[in-house]
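J.: Build me a model:
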Amino acid sequence: MPSSTNWLITLAQSAPPGDSPSGAPDWPRQLADWYARNADLIAQWAGRLGWALLILVIAWWLSGTARRAVRQAVQRSNLDPTLGKFFSNLARWGILSIGVVTALGKMGLETATFATVIGAVGLAIALGFQGTLGNLAAGVVLLVFRPFKVGDIITVGGISGTVNEIDLFSTELDTADGRRIIVPNAQIASSTVENVTHHQRRKAEVRVAVPRTVAAERVHQALMAAAAGVQKRELSTAPEVALVDYTDGTTRWSVGVWTTREDLATVRNELAVVAHDAVRALEG
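T.: Have a look, this model is predicted:
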């Protein structure tokens, strides 16, 4: 028996039986008796508790270190800050979970049963949040592979807008008429995404209808001359004019010029005006 408990054992043996003269319970003697009977068990559990606390402290320190390391690694990889926060927290809680299970095992608890319970609870949560977890997985994919970024104009599922924010669960789009649309990431991942602003060079194109009584050669020359006069078009590439369809009364023509992404709307409007004027001149 540990020597540190000798004084309590001596106190228990020397104390007279029964309660104190005043009639109050003799707590010191009873405490000494209880400690004397359970000294080995107390020492054993104290050691287990000490090891468990040490494991938890180490796990807490390692989790903080891992979180900072993962966040720095993500920043060096130029990934989205949202993704860095997600992965760093995932590493932190993973290490803490391992530390808790290890500490419980050191305390003498059956960790296999504990792990089974955690697994069952996790499965139940996963089944209950299938849609949410699907959005989370899709958000991670979007943030890693970056098919589009904040500021891009995209079309997905029939919805067009400027990307305002990409979160782990949803993506925010701002439409041209000032509406905010929140699209679940799972819907984006399972749909065809058109990134309108991905390339720096864009083609401005309009369609015009011309009476069939006007010779095709005259129409082609007039539309080429009109397109060539469009300001801010790319001068290194010639305008493109093509006959795309015709009916009994009209022919339909496509007129296009290349320009920069920033000037696309301006160039398209100007191209529509000059093409319309050229057709009116041919009809007159």
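J.: immediately after the host helix or strand of residue 65, which helix or strand?
T.: Element membership for residue 65 (DSSP states H and E) is helix 27-76. The element immediately downstream of helix 27-76 (helix or strand, assigned by DSSP H and E) is helix 81-106.
J.: So for that next one, what gets flagged as buried?
T.: Under the neighbour-count criterion of 16 or more other Cβ atoms under 10 Å, helix 81-106 has 82-84, 86-88, 91-92, 95-96, 99-106 buried. The C-beta positions use only the backbone N, C-alpha and C, and glycine is treated the same way.
J.: mind listing the strands for the stretch 101-250 of the chain?
T.: Under the criterion DSSP state E, counting those that start in this stretch, the stretch 101-250 of the chain contains strands at 153-156, 159-166, 170-174, 180-184, 193-195, 201-211, 240-246, 250-260.
J.: And the shortest one, what does it pack against?
T.: I take that to be strand 193-195. Contacts defined by 3 or more Cβ pairs under 8 Å, 6 or more residues apart in numbering; DSSP states H and E place strand 193-195 against strand 153-156.
J.: still on that earlier bit, now do the helix holding residue 65, average pLDDT.
T.: The average of the pLDDT scores along helix 27-76 is 78.
J.: and what of stretch 170-181?
T.: Per-residue pLDDT values over stretch 170-181 give a mean of 92.
J.: Now do that stretch: distance to the chain's middle.
T.: Using Cα atoms, centre = their mean, to the nearest Å, the distance from the centre of stretch 170-181 to the centre of the chain it belongs to is 18 Å.
J.: Just the terminal-to-terminal distance for it.
T.: 10 Å (Cα to Cα, to the nearest Å).
J.: Which positions within that stretch qualify as buried?
T.: 170-173.
J.: That's all I had, so thanks and see you.
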